[in-house]
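In: One predicted model, sequence on top.
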Amino acid sequence: MAALSLVMVVVLGVVLLLYGIYLEQTPSLAEELPAVLRTTLLFAGLTVAWGGAAFSLYRRHWSAWLLQPLALAVLIGLVRYIQVLRG
């Protein structure tokens, strides 16, 4: 799950870069830029949460039990955010 969310962060980072390049030529992109930035940040948080949970589980550290529900909470928040975006 961490790898998938990391790929999404990279893809959305490229999208943000393209938005930055074409923002002056297409002013309508400015309306969508905050949503794309928030989505990128949510996926970055998901990457950190799942990566931390996986690493602590691999190391058999007690924090795995704290990080897994945190990662699940971030995932639920991301799903709810995308549902709100879709209307």
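Out: Good, I have the coordinates.
In: In this protein, where is pLDDT below threshold?
Out: Within the chain, no stretch has pLDDT under 70.
In: can we see that at 80?
Out: 1, 64, 87 (pLDDT under 80).
In: longest helix anywhere in it?
Out: Across the chain, the longest stretch assigned as helix under DSSP state H is helix 29-58.
In: List the buried residues of whichever helix or strand comes after that helix.
Out: Downstream of helix 29-58, the next assigned helix or strand under DSSP states H and E is helix 64-86. Buried residues in helix 64-86, defined by neighbour count with 16 or more other CB atoms under 10 Å: Ala64, Leu67, Gln68, Leu70, Ala71, Val74, Leu75, Leu78. Quick note: C-beta positions are derived from backbone N, CA and C, even for glycine.
In: same check, this time on stretch 25-33
Out: The neighbour-count check on stretch 25-33 (16+ other CB under 10 Å) flags Leu29 as buried.
In: who's in contact with it?
Out: Here stretch 25-33 makes contact (CB atoms under 8 Å, 6 or more residues apart in numbering) with Leu16, Tyr19, Tyr22, Leu23.
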